[in-house]
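Colleague: Sequence plus predicted model, see below.
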Amino acid sequence: MSGFLPVSKEDMEQEGISQLDFVYVIGDAYVDHPSFGHAVISRVLQAHGYQVGMIAQPDWKNPDSITVLGKPRLGFLVTAGNMDSMVNHYSVSKKRRSTDAYTPGGVMGKRPDYATAVYCQLIRRVYQDIPIIIGGIEASLRRLGHYDYWSGKVKRSILLESGADLISYGMGERSIVEIADALDSGIAVSDITFIDGTVFQTKDKELASWDALQLPSFDQIRMDKTAYARSFYIQYCNTDPFSGKRLYETYKRGVYVVQNPAAKPLSQMEMDDVYELPYMRTYHPSYQAAGGVPAISEVKFSLVSSRGCFGGCNFCALTFHQGRIIQARSHDSILKEAEMLTKEPDFKGYIHDVGGPTANFRHSACEKQLAKGACPTRQCLFPVPCKHLDTSHSDYRKLLSKLRQLEGVKKVFIRSGIRFDYLIYEKDEKFLRELCEHHVSGQLKIAPEHISDAVLKMMGKPSAEIYRKFVQAYERMNQKIGKEQYLVPYLMSSHPGSTLKEAVELAEFLRDMGYVPQQVQDFYPTPSTISTCMYYTGLDPRTMQPVYVAVDPHEKAMQRALIQYRNPKNAQLVREALVKAGRTDLIGDGKKCLIRGKDADGRCSRQARGGQKAGRRRRRR
């Protein structure tokens, strides 16, 4: 047998294993690479002496599919995979996707909707009394009552929906080992109520409320959007592992769902240990005939240097999952992994990425975070950078320099995203210069998301002026070093706060910049983000002030079309949007017009007529 963990009874026999400690049921294919959550958790458990077997993408309609490795000694672990199963299955327009990058051959349909709950229910049909621990992004972000975009309803904690015993939320390395040790010592799963980074249920109100903040009940948040917004903001302010409080949510029949504080961040040594476990670094060989697992191509020659993000974008769930405190690996650990990559037979000399959620976050935002955590009600970068913010890129520069000098490495790219405002706040331009000289392949992708300050405020993003400053600095630096390189901005339509007015403002900005976006992301309301709370409630949970939300599909289509106004297929939608926004001055043949044609009165706009006259003068000359 190879170095993969057992996936069959035959594998167990070859390893001399009569009974596994844990059976891990996963919605993704089995890929033993540290970019896949199931690989990390299973290897961490193995390193602590536990035997783990993998059941990847079982047939959820067949109970026998869950028995192929037998009954585990301690329990089942369940995850939907590296993505929420509903995001994996559906686009923002709720249309079924055609491919699944986490399935052999990219085939869609190998996991169910709401996969975590379905897998747990399948296990319960066969093993009624076995402990079930759920984790991963789906369980982590649905750990308490939450708005579910796909059903249009407020759903209960996934702990109750699934029938599981515990949630290990966040990244999970600490909590999963503590859970395993507790079970191994003979503690009943119902008594494991004391581990950070977990969620449990109980009927004991005294246990639930001890040293805890009470959230509005599930019935309250289901019936009252104001209560939902209040509940969400309490949760948001208690995600930090140092300052976060215990929380509990009340359900019918005297059931309480209790969230313990987040697990403490890993030290650099612990991060190194996690990423130096004996991963096979590829998909299970049984998938070869199907063409392998597409998702591995994105990470095979990339390096994770850190986790966590203090950027605080309101549409991102990282605050709830990885947290705001940066956890970084040492240079030695990353270089050791890079040397391994250079020895891969298909390595061509290019390291595709060195980063994390935000590539240029390599240390805590400030010294205070290391001991006291992140500020619960203040952002590090928004609306202006905190006076205590450490903007130095020196450590990241040194790391990249060392990687460039490795034998066999031709180029080191940065593709996981640069936080451009953080970069521009650094006083010198050493990192910007090295970025442009060594780590850009003709185009640098960044995420301003929008250009209207009213929308950016709702997004938790820096003002448009900061983006303009970065654009100027980037262009100036490329001219200085004699390179022709471009920026590719990611843009989002229909985010809460965006009316047709702001969408037109963004279109005008793109016109003036001469940029034609090939892709646009409609705002996608995923669980456990401030923006999703805004979308559902129409309130900013931080201030409880009303927020405009585009929910009508036709309006959303118009906002999206405005960003891609040059596409002839969008002409009718753009025209309709401009008329509704009262901006018929942008319809016509003038240089400033977005679309050809006549205004609402059937005439060319004044601006258009001016453009036509200027055109005639140019032709006469």
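Modeller: Now that the structure is in, tell me what you want to look at.

Colleague: When you work out contacts or count neighbours from here on, use the C-alpha atoms and nothing else.
Modeller: OK.

Colleague: Residue 447 looks like it's in a strand, true?
Modeller: Yes. Using DSSP: H, G, I helix; E, B strand; the rest coil, the assignment for residue 447 is a strand.

Colleague: per-residue confidence at the closest residue to residue 439 other than its chain neighbours?
Modeller: Nearest residue to residue 439, sequence neighbours excluded (CA to CA, 6 or more residues apart in numbering): residue 413, at 4.5 Å. Looking at residue 413, its pLDDT reads 96.

Colleague: Tell me where the model's unsure across the stretch 51-200 of the chain.
Modeller: For the stretch 51-200 of the chain, applying pLDDT under 70 flags no range at all.

Colleague: Show the residue spans covered by the strands in it.
Modeller: Counting by DSSP state E, counting those that start in this stretch, the stretch 51-200 of the chain has strands at residues 52-56, 75-79, 132-135, 146-148, 153-155, 166-168, 198-202.

Colleague: Save those strands as CSV, and put in distance to residue 303 and mean neighbour count too.
Modeller: Shown next, in CSV, are the strands of the stretch 51-200 of the chain (distance: least, CA to CA, whole Å; neighbours: other CA atoms under 10 Å):
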stretch, distance to residue 303, mean neighbour count
strand 52-56, 25, 23
strand 75-79, 24, 25
strand 132-135, 24, 28
strand 146-148, 33, 23
strand 153-155, 37, 17
strand 166-168, 25, 27
strand 198-202, 28, 25
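
Colleague: related to what we said a few turns ago, was I right about the residue nearest to residue 439 contacting residue 440?
Modeller: Yes. Between residue 413 and residue 440 there is a contact under CA atoms under 8 Å: 6.1 Å.

Colleague: ok, residues contacting the top helix by length along the chain?
Modeller: Secondary structure of the chain per DSSP state H: the longest helix is helix 464-481. The contact list for helix 464-481 (CA atoms under 8 Å, 6 or more residues apart in numbering) reads 420-421, 424, 432-433, 436-437, 448, 450-453, 456, 484-487.

Colleague: do that again at 7 Å, thanks
Modeller: Helix 464-481 is contacted by residues 420-421, 424, 433, 436, 448, 451-453, 484-485 when judged by CA atoms under 7 Å, 6 or more residues apart in numbering.

Colleague: about what we covered before: of the strands of the stretch 51-200 of the chain, which is nearest residue 63?
Modeller: strand 52-56 (12.6 Å; CA to CA).

Colleague: burial count for residue 476?
Modeller: 12 (other CA atoms under 10 Å).

Colleague: pLDDT below threshold where in the chain?
Modeller: Ranges of the chain meeting pLDDT under 70: 1-2, 598-621.

Colleague: for the longest helix of the chain, which positions count as buried?
Modeller: 464, 466-467, 470-471, 473-475, 477-478 (16 or more other CA atoms under 10 Å).

Colleague: rewinding a little: can you pull the phi/psi pair for the residue nearest to residue 439?
Modeller: phi -100, psi 160 (degrees, to the nearest 10).

Colleague: measure it to residue 442 for me?
Modeller: Distance of residue 413 to residue 442, computed by CA to CA, to the nearest Å: 11 Å.
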